[in-house]
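*Asks:* sequence-free structure coming up:
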């Protein structure tokens with residue numbers, strides 16, 4: 001993925017409701033994704049309440065350290081909507097009435113059969129010289145101000161309004177401004193079945209603290225390794241990035257399931273379709289998570305036969321056909337039970353692949369020999385059955401998501417090996 005570096009970018013989110021936790025700040029995620037797609041890297045996020053002095057202070061700080069500043073919220077008609085006035089004050093420019101915007105506001109209310117409240121006149125005032133950004137979904141227009149090499153973009157708070165304005169007005173503007181800047185290229189390697197610290201131990205000698213650089217992101221059941229490089233041209237950045245990324249991938253191949261925007265359930269679904277094979281799942285500690293992920297993918301009915309949440313030993317024995325003596329001898333969380341579950345669900349659903357998970361998600365139910373995070377994943381096929389043991393770090397949610405990803409990755413690796421003609425147990429990513 002390509003990012004244009006060199007434009008220091010900062011996002012400011014206004015609204016006391018954000019600080020109190022009454023409203024979830026989804027703008028950070030949305031704008032971060034959209035800006036990265038444009039090739040703009042965000043360096044700072046700041047949330048600030050509806051306070052005149054604090055808002056001005058945050059804007060002043062942003063102007064000192066960033067070139068592109070996007071401010072969300074505070075464009076409404078009420079007394080706590082302070083963004084336009086505060087930004088103009090910091091920039092040392094006047095707030096002026098835009099007659100065209102005012103006429104549009106009157107027409108909007110008139111067409112709706114209502115009289116416009118006097119307070120809405122406030123929404124027709126902007127910093128002098130600003131480019132006004134039309135709001136196609138509300139009454140608060142946005143604004144874009146350029147001064148002394150800085151770009152300040154003012155967007156409304158409601159997400160429905162913000163997204164339309166950003167995509168219709170801001171993206172075209174930024175695309176025009178981004179030509180000729182230094183290029184950053186990055187790729188993300190997605191891993192499962194390994195901890196963040198273990199990942200770092202495997203590749204720490206590769207460097208990655210300068211250019212190119214390596215960063216780590218831990219998510220539920222997933223570790224992401226992001227490798228980035230900067231240069232004066234896309235080709236040069238790609239060369240620097242590729243050399244290091246290839247080394248990272250070779251060290252972590254056995255845990256890798258995808259790159260960049262890949263979702264494991266989509267990757268697995270695509271392979272099942274291509275192979276014209278079906279799958280059934282038997283889940284204990286994951287509680288239906290694997291089935292849920294697989295069926296989140298449109299068209300999954302072509303390859304997903306069905307699943308069973310075999311939480312109790314009784315269901316494992318009576319429905320899946322796990323021999324009671326297997327559980328008595330080895331325990332419900334064991335290699336032997338996992339294999340019997342996978343074979344049972346394959347037979348029960350009539351699928352080509354049977355996938356099973358049993359483990360201890362915690363916080364209770366563990367012993368000294370079987371700690372929280374111990375999970376067995378088994379895959380049954382016409383060629384036989386195999387089983388892998390995992391020790392997932394973290395709490396219950398992390399263990400469950402890790403187990404679900406490890407199970408899907410086991411099936412993915414089998415299909416890749418089958419596709420390339422390797423034996424089932426050989427490495428593939």
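*Replies:* Arrived safely. Keep in mind the model is a prediction, meaning the values are calculated, not measured. Residues are numbered from 1 along each chain as shown.

*Asks:* show me where the stretch 251-400 of the chain has helices.
*Replies:* In the stretch 251-400 of the chain, the helices defined using DSSP state H, counting those that start in this stretch lie at 264-275, 289-295, 313-318, 324-330, 335-349, 396-420.

*Asks:* Mean neighbour count, these: which tops it?
*Replies:* Using mean count of other C-beta atoms under 10 Å, the stretch among these with the largest mean neighbour count is helix 335-349, at a mean of 24. From N, CA and C alone the C-beta is placed, and that goes for glycine too.

*Asks:* And it, what does it pack against?
*Replies:* When contacts are defined as 3 or more C-beta pairs under 8 Å, 6 or more residues apart in numbering; DSSP states H and E, helix 335-349 packs onto strand 279-283, strand 304-309, helix 313-318, helix 324-330, strand 353-359, strand 374-381, strand 384-391.

*Asks:* ok, back up a step: redo the helices of the stretch 251-400 of the chain as a markdown table? Include mean pLDDT and distance to residue 38.
*Replies:* Below are the helices of the stretch 251-400 of the chain laid out as a markdown table (pLDDT from 0 to 100; distance: least, C-beta to C-beta, whole Å):
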| stretch | mean pLDDT | distance to residue 38 |
| --- | --- | --- |
| helix 264-275 | 96 | 24 |
| helix 289-295 | 98 | 30 |
| helix 313-318 | 98 | 51 |
| helix 324-330 | 98 | 55 |
| helix 335-349 | 98 | 45 |
| helix 396-420 | 92 | 30 |
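
*Asks:* Adding distance to residue 20 as columns, could you present those helices in CSV?
*Replies:* Putting those into CSV (distance: least, C-beta to C-beta, whole Å) gives the following:
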stretch, distance to residue 20
helix 264-275, 36
helix 289-295, 32
helix 313-318, 45
helix 324-330, 50
helix 335-349, 46
helix 396-420, 25
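
*Asks:* Any idea which of these gets closest to residue 12?
*Replies:* Nearest to residue 12, of all the helices of the stretch 251-400 of the chain, is helix 396-420, at 31.6 Å by C-beta to C-beta.

*Asks:* Helix 264-275 and the closest one, what's the angle between them?
*Replies:* Counting by axes from the mean of the first three to the mean of the last three C-alpha atoms, to 10 degrees, helix 396-420 points 20 degrees away from the direction of helix 264-275.

*Asks:* Give me the helices and strands touching helix 396-420, please.
*Replies:* Here helix 396-420 touches strand 222-231, strand 256-259, helix 264-275, helix 289-295, strand 353-359, strand 374-381, strand 384-391, going by 3+ C-beta pairs under 8 Å, 6+ apart.

*Asks:* Format those as TSV; extra columns: distance to residue 63.
*Replies:* Putting the helices and strands packed on helix 396-420 into TSV (distance: least, C-beta to C-beta, whole Å) gives the following:
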stretch	distance to residue 63
strand 222-231	24
strand 256-259	37
helix 264-275	42
helix 289-295	44
strand 353-359	52
strand 374-381	51
strand 384-391	49
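
*Asks:* Can you say which of those is nearest to residue 193?
*Replies:* Closest among the helices and strands packed on helix 396-420, using C-beta to C-beta: strand 384-391, at 5.6 Å.
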